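**Student:** model this:
(one chain, ligands or ions: 1)
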Amino acid sequence: MLKLDSVSTHYGAIQALDQVSVDVNQGEIVTLIGANGAGKTTLLMTVCGSPRASSGSISFMGEDITHADTHRIMRKGIAISPEGRRVFPDLTVSENLKMGGFFLNRSEIEEGEEHVYKLFPRLKERASQRAGTMSGGEQQMLAIGRALMSKPSLLLLDEPTLGLAPLIIAQIFDIIRTIRDEGVTVFLVEQNANKALQVADRGYVLETGKVVMQDTGANLLANPDIRKAYLGA
Ligand code: ATP
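**Tutor:** Sure, this is the predicted structure:
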């Protein structure tokens, strides 16, 4: 579904990704784990077209999107819930969701909002609350809900559990499973490698811009090197 073939990305003279190859197949949850600064956010953002890959190629559903504009990539069925949530604090929950569907028509927006409320009843209860007054977990649900408004076939999630309490983290991972069970493929960037590998079908390990290992979630969880480096064992 999504294929990165030997993708490198630079910020000026800094090389953030070094010939990264990653495949995400339809229906999977694939996770990308790695330390701070490994290049995880850069990889997701490169898929979205900003920054652009300096070499290599990216395809989605068999179509080359390496040089496509971000809005065209989004319209093809990719959505992102960015690191740090980035909800609009002064807008209500409902208004934030509508922003996620800005390129849809009115009935699609209504349909999208109803769908998100089914997935997150908490957001429905809070529909007219200003997003900035919500808890961290609620804001994360809103960020994911906003990304789902455009009915993507591939959802990119950047650190959805960062800074959240364990109970809320468990809820977010349940939601990620539900989203996949509803037919959305998920590419998940996580610092919480333990939980991410439990939920993922497959995982990639990124170190200073390079993929150094890839395997099933279960095999990576059981791998002594991974346990030592990323699971605190
Ligand atoms: P974290 O988990 O801390 O968010 P990450 O794995 O997502 O880290 P990136 O944010 O992708 O890593 O950063 C990869 C490298 O690129 C780092 O060295 C970072 O300093 C650099 N970098 C990221 N964004 C920029 C930018 N806008 N300009 C210059 N360098 C950048």
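
**Student:** Going by C-alpha atoms from here, please, whenever you check contacts or count neighbours.
**Tutor:** Noted.

**Student:** Extract the C-alpha set from stretch 72-83 and format it as CSV.
**Tutor:** Taking only C-alpha atoms (Å, rounded to 0.1, in the frame of the first residue of the first chain), the coordinates of stretch 72-83 have been written out as CSV:
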residue,chain,number,x,y,z
ARG,A,72,-2.8,15.9,-3.2
ILE,A,73,-1.3,13.2,-1.0
MET,A,74,-4.0,13.8,1.7
ARG,A,75,-6.8,13.5,-1.0
LYS,A,76,-5.4,10.2,-2.1
GLY,A,77,-6.3,8.7,1.3
ILE,A,78,-3.4,9.4,3.7
ALA,A,79,-4.1,11.3,7.0
ILE,A,80,-1.7,12.2,9.8
SER,A,81,-2.2,12.8,13.5
PRO,A,82,0.9,14.9,14.2
GLU,A,83,3.3,14.8,17.1
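
**Student:** which outside residues touch that stretch?
**Tutor:** By CA atoms under 8 Å, 6 or more residues apart in numbering, the list of residues contacting stretch 72-83 from outside reads 41, 48-49, 65, 143-144, 146-148, 150-160.

**Student:** My guess is D18 contacts K210. True?
**Tutor:** Yes - here D18 lies in contact with K210, judged by CA atoms under 8 Å, at a distance of 5.3 Å.

**Student:** Could you give the separation of stretch 79-91 from the chain centroid?
**Tutor:** Mean C-alpha position of stretch 79-91 versus that of the full chain (CA atoms, centre = their mean, to the nearest Å) differs by 12 Å.

**Student:** And the residue nearest the centre of the chain?
**Tutor:** Relative to the mean C-alpha position of the chain, the nearest C-alpha, by CA atoms, centre = their mean, is the one of L157, at 1.4 Å.

**Student:** Around the ligand, which positions in the protein sit nearby?
**Tutor:** 11, 16, 35-42 (CA under 6 Å from any ligand atom).

**Student:** Among those residues, which ones are in helices?
**Tutor:** Within the residues of the chain next to the ligand, residues falling in helices by DSSP state H are 40-42.

**Student:** got a winner among those residues for most neighbours?
**Tutor:** Neighbour counts for these peak at K40, which has 27 neighbours (criterion: other CA atoms under 10 Å).

**Student:** helix, strand or coil for I109?
**Tutor:** Each residue gets one of three states, and I109 gets helix by DSSP: H, G, I helix; E, B strand; the rest coil.
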